[in-house]
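Visitor: Give the three-dimensional model of this entry:
(one chain, ligands or ions: 1)
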Amino acid sequence: RTVKAFAPATVANVSCGFDILGFAVEGMGDSVQLIENNSQELRVVSITGDGGRLPLDAAKNTCSVAIQALLDELGIRLGLDIHLEKGLPLGSGMGSSAASAVAALVAVNEFLENPLEKKDLLPFAILAEKVACGAGHADNVAPSLLGGFVLIRDYHPLDVIKLPVPKDLQCVLLHPHYELRTEDSRSVLRDQIPLKYSTIQSGNVGGLVSGLFLSDYGLISRSLRDVIAEPYRAVLIPGFYEVREAIKSAGSLGMGISGSGPTLFSLCQGESSIPGIISAARKVYESMGLGVDAY
Ligand code: HSE
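Guide: Here you go, the predicted model:
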């Protein structure tokens with residue numbers, strides 16, 4: 001027997017929601033195919049699209065780690081060959097490791113004829129994320145699994161809330177050809193937050209969530225601000241301030257770092273401003289001698 005599942009790219013944090021907000025992106029993602037074998041073991045048999053860099057060792061691979069955790073929980077032994085097709089670049093900030101783990105979990109759940117509800121797959125995906133980047137954050141895996149915009153109100157216990165997505169909300173992703181590991185991008189963050197920054201950040205999270213509920217694009221725009229992670233991370237991201245300046249007049253509602261970067265995301269109302277945003281950003285990256293993919 002064989003099953004195949006796809007999981008989409010995601011934008012985590014969405015500026016103000018460090019580790020608690022994320023949304024799924026249409027189109028791009030990773031796929032995992034599972035084929036039953038007779039060995040009672042998980043084998044990572046093939047990975048495409050990673051340039052040979054991801055581990056085939058089942059103890060280290062995000063997909064097999066996630067699947068094994070789920071099988072252990074259910075008390076099932078199963079032999080599966082895992083074939084992973086990476087559609088997402090590594091170290092890009094588009095939730096690459098999350099998409100692999102989620103696709104693997106959705107596939108194995110389907111293989112077992114869906115004993116678990118989708119949201120119950122989340123703890124296993126978080127565990128895999130911890131193996132992949134050292135931190136068990138859910139703001140990529142939750143939207144990759146559930147779709148749309150997601151708030152993680154709490155981690156202990158997990159309290160995940162799906163938020164509405166305004167009809168005309170569009171996202172542009174600008175992916176410079178530059179790699180940044182989540183682990184490195186987290187290591188520059190501070191443990192302590194000054195009270196005044198906590199106030200600003202909470203106000204913006206509330207504003208963004210309200211903006212989504214109200215379809216208030218002005219409120220969404222005003223709330224796309226991050227005073228906690230972005231100031232420390234921006235220096236790791238080539239062109240961050242220049243791109244933000246360049247796309248300001250192109251109709252962007254706001255721009256931020258997608259997850260831990262270096263991909264930048266820009267939200268807009270409708271599609272009309274997308275070509276202008278892409279071309280303004282391209283000019284910046286070109287002037288820096290950096291290639292960029294825009295989605
Ligand atoms: N919330 C995580 C971080 C997302 O910012 O480190 C990583 O993609």
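Visitor: Touching, residue 168 and residue 269? I think so.
Guide: Yes - the criterion here is CB atoms under 8 Å, and residue 168 meets it with residue 269 at 5.1 Å. (Glycine included, C-beta is placed from N, CA and C.)
Visitor: Give the residues shared as contacts by these two.
Guide: Shared contacts of residue 168 and residue 269, defined by CB atoms under 8 Å, 6 or more residues apart in numbering, are found at residue 217.
Visitor: who's more crowded, the two?
Guide: residue 269 (19 against 11; other CB atoms under 10 Å).
Visitor: list the contacts for that one?
Guide: Neighbour list for residue 269: 168-170, 217, 251, 253 [criterion: CB under 8 Å, 6+ apart].
Visitor: what's the farthest-apart pair in these?
Guide: Longest distance between any two of these is 13.3 Å, between 169 and 251; criterion CB to CB.
Visitor: residues bridging contact with those two, i.e. touching both?
Guide: Common neighbours of residue 169 and residue 251 are listed as 268-269 (criterion: CB under 8 Å, 6+ apart).
Visitor: who's more crowded, the two?
Guide: Between residue 169 and residue 251, counting by other CB under 10 Å, residue 169 is the more crowded of the two (19 against 16).
Visitor: The stretch 101-250 of the chain: strands as residue ranges?
Guide: Per DSSP state E, counting those that start in this stretch, the stretch 101-250 of the chain carries strands over the ranges 149-155, 158-163, 169-176.
Visitor: Pick the most deeply packed of the ones you listed.
Guide: Mean neighbour count (mean count of other CB atoms under 10 Å) peaks for strand 169-176 among the strands of the stretch 101-250 of the chain, with a mean of 21.
Visitor: Okay, now the sheet partners of that one, with direction.
Guide: Its sheet considered, strand 169-176 pairs with strand 264-269 (antiparallel), strand 292-294 (antiparallel) by DSSP bridges.
Visitor: got the CA coordinates for it in CSV?
Guide: The C-alpha coordinates for strand 169-176 follow below in CSV (Å, rounded to 0.1, in the frame of the first residue of the first chain):
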residue,chain,number,x,y,z
LEU,A,169,-5.6,39.5,1.7
GLN,A,170,-2.6,38.5,-0.5
CYS,A,171,1.0,37.7,0.4
VAL,A,172,4.2,38.2,-1.6
LEU,A,173,7.3,36.3,-0.6
LEU,A,174,10.7,37.6,-1.5
HIS,A,175,13.3,34.8,-1.1
PRO,A,176,16.9,36.1,-1.5
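Visitor: tilt between that strand and strand 149-155?
Guide: Counting by axes from the mean of the first three to the mean of the last three CA atoms, to 10 degrees, strand 169-176 lies at 80 degrees to strand 149-155.
Visitor: With respect to burial, which of the strands paired with strand 169-176 scores highest?
Guide: strand 264-269 (a mean of 24).
Visitor: dump the residue contacts of the residue nearest to residue 101 when sequence neighbours are not counted.
Guide: Setting aside the residues directly before and after it, residue 101 is nearest to residue 128 in space (CB to CB, 6 or more residues apart in numbering), at 3.7 Å. In this structure, residue 128 makes contact with 62-63, 65-66, 69, 97, 100-101, 104, 141, judged by CB under 8 Å, 6+ apart.
Visitor: Format those as TSV; extra columns: neighbour count and distance to the ligand.
Guide: Formatted as TSV, the contacts of residue 128 follow (neighbours: other CB atoms under 10 Å; distance: CB to the nearest ligand atom, whole Å):
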residue	neighbour count	distance to the ligand
62	29	13
63	29	18
65	23	17
66	30	16
69	19	20
97	25	8
100	33	13
101	34	13
104	35	18
141	34	10
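Visitor: Of these, which is the nearest to residue 32?
Guide: Comparing the contacts of residue 128 against residue 32 with CB to CB places residue 104 closest, at 4.6 Å.
Visitor: Contacts only, for that closest one.
Guide: Taking CB under 8 Å, 6+ apart, we find residue 104 in contact with 5, 32, 34, 62-64, 66-67, 82, 84, 128.
Visitor: Swap in 7 Å and give it another go.
Guide: 32, 63, 66-67, 82 (CB atoms under 7 Å, 6 or more residues apart in numbering).
Visitor: what's the closest of those to residue 119?
Guide: Nearest to residue 119 out of these is residue 66 (CB to CB; 15.0 Å).
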